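Colleague: sharing a sequence plus its predicted fold:
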Amino acid sequence: MMMKKTLAAIFVSSSFIAGVAGSCFAQAPTQHVAKAQLPNVCILATGGTIAGSAASNTQMTGYKAGAIGIQTLLNAVPEIHKVANVQGEQISNIGSESMTHEIWLKLAKRVNELLAKPDVDAVVITHGTDTLEETAYFLNLVTKSDKPVILIGAMRPATAISADGSVNILNAVNLAASKDAKGRGVMIAMNDVINGARDVQKTNTLRVDTFQSPELGYLGYFENGRPVFYKATTRKHTKDTEFDVSELKDLPRVDIIYSHVNDDGKMAEAAVANGAKGVVHAGTGNGSIHENAEAALYDAAKKGIVVVRAARVPNGPTIESTEAWDKAGFVHAGTLNPQKARILLQLGLTKTNDPAKIAEMFGKY
C-alpha cells in the first residue's frame, strides 16, 4: 500500500514535478540511514517516460516526459533501501527522442567518474525508451569499469495506472547490487527480464515487453525479484574496449541512409555534402544496395568516408555479398542494427578512418 499511496501523491501534487537531486554520495544519505553492509548504488536520471507526468491516470500517450525529478521516483520505491544504499542525481530531463551527443558524453564521463570511486559499487540510469538501446550500447563501449551499469525506462508514465517504472527501478537496484552482475557489460532491466546492451532492441511502440534481444536472447530473468543469469555475451565491452571519451567534446558525424525502392543515392550525396565522416547504409535484405545508389557510396568511400553496410531487416547478420562492395572497402555491420552500427562507427572514427581497422572493430564489439 505504501507504494500505491506514494504514486498517487506524485499524481496529485504539482510540487513533485521537476524535483532535482544532488550529487551521488557527495554526502551521507539524509532520508535513509546508510547500511555499511549494503552496496552503494547511484541512480542517474535523464528523463523519459519513467519520469513522465500526464493529466490523468489513464493517459498513456501525450504526457510530458522527464517531468518528475529523480528523488520523487526513488521516494516512490522505498523497498530499494533494503537492497542498497541509493542516491540519485539528475543529468537531464528530456524525452529520449531528443538525446544528444552532449548528454551522452556528460553521462559517460559521470558514469566513469562515479565507478572509479571505491565507495560506489554500481550505477543505474533512468532513460526514455526511444533511444535507450543506443545509449546502452554507447555506454557498453566507453565505460571503463566492470562494475554493473544498468539502464531502465518505462512504457507508461509515472502517473498512470499500473505504471511499470517502479518495479523496473526495484529490479534494477537488485541487479546492480548483485555480485553476479559484475563484468557482464551494460544491461537493461525491464519487464522482469535482463537484456545485454549490444543485442537489445525496442520492438514495439506501446507494449511494456518492448525490449527484446531477437534471436540471440535475454541474458537472464528476475525470479521473484532476484536476478538470475542464463547466458553471457561473447563480444568485448566496457573496460576491454579501446575507446576513451574522457577528452571528447563531440562525436564524428555519421548519417544513416535507409534504402528503399527507387533509391537514387541522393541521400548519400547529401550526407557527404553535410560533412559526414561515415555513412551507415541500412540496406534491404543482407544489406543490399540499390544499383542506382551504388555510385554515390563508391564516391563517398573514395573521399575517405567510411561506409558500413547494415540491414533494415530486424534479424540476422549483414555479411559479405557483392564483390564490388567488398573491394570498395564497405564494412559489414554483422548483427548490429543501423543505429548501433552508427555508434560503433562514430567511436571507431575517433581512432582511425581506415575501413580495414574499422572492420576489425565490428568483429570485436
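Modeller: Ah, there it is. Residues are numbered from 1 along each chain as shown.
Colleague: find the helix or strand that the nearest residue to D263 once chain neighbours are set aside is a member of.
Modeller: Nearest residue to D263, sequence neighbours excluded (Cβ to Cβ, 6 or more residues apart in numbering): H290, at 3.9 Å. All C-beta atoms are positioned from the backbone trio N, CA, C, and that covers glycine. Applying DSSP states H and E as the criterion places H290 outside every helix and strand.
Colleague: ok, H290 - contacts?
Modeller: S259, H260, N262, D263, D264, G265, T284 (Cβ atoms under 8 Å, 6 or more residues apart in numbering).
Colleague: the biggest helix by length in the chain: what's the following helix or strand?
Modeller: Ranked by residue count, the top helix of the chain under DSSP state H comes out as helix 101-115. Toward the C-terminal end, the helix or strand that comes next after helix 101-115 (DSSP H and E) is strand 122-126.
Colleague: about what we covered before: the residue nearest to D263 and L297, how far apart?
Modeller: H290 sits 10 Å away from L297, taking Cβ to Cβ, to the nearest Å as the criterion.
Colleague: now do the same contact list for the closest residue to A65 other than its chain neighbours.
Modeller: Nearest in space to A65, with sequence neighbours left out and distances taken as Cβ to Cβ, 6+ apart, is G95 at 3.6 Å. Going by Cβ under 8 Å, 6+ apart, G95 touches G47, G48, T49, A65, G66, G128, D130.
Colleague: quick check: phi and psi on the residue nearest to the third one when sequence neighbours are not counted?
Modeller: Okay, so that is T49. Counting by Cβ to Cβ, 6+ apart, A154 is the residue found nearest to T49 once chain neighbours are left out, at 5.0 Å. When read as degrees, to the nearest 10, the backbone of A154 gives phi -150, psi 150.
Colleague: biggest strand in the protein by residues?
Modeller: Looking across the chain with DSSP state E, the single longest strand is strand 85-94.
Colleague: among the contacts of G95, which one lies nearest to K249?
Modeller: G47 (22.1 Å; Cβ to Cβ).
Colleague: out of the contacts of H290, which are buried?
Modeller: Among the contacts of H290, those classed as buried by 16 or more other Cβ atoms under 10 Å are S259, D263, G265, T284.
Colleague: identify the farthest-apart pair in these.
Modeller: G265 and T284 (14.6 Å).
Colleague: ok, the residue nearest to T49 - contacts?
Modeller: Shown in contact with A154 (Cβ under 8 Å, 6+ apart): G48, T49, I50, G52, T129, A163, D164, G165, N168, M190, V208.
Colleague: next, count neighbours for G278.
Modeller: G278: 26 surrounding residues under other Cβ atoms under 10 Å.
Colleague: apologies, that question was intended for G363.
Modeller: Per other Cβ under 10 Å, the neighbour tally for G363 reads 11.
Colleague: now do the SS call for it.
Modeller: Classification of G363 using DSSP: H, G, I helix; E, B strand; the rest coil returns helix.
Colleague: name the nearest residue to it, sequence neighbours excluded.
Modeller: Excluding the flanking residues, the one nearest G363 by Cβ to Cβ, 6+ apart is G334, at 7.4 Å.
Colleague: so where do the helices sit in this structure?
Modeller: So, for the chain - with DSSP H - the helices run 2-12, 70-75, 101-115, 132-142, 165-177, 266-273, 294-302, 323-327, 338-349, 355-364.
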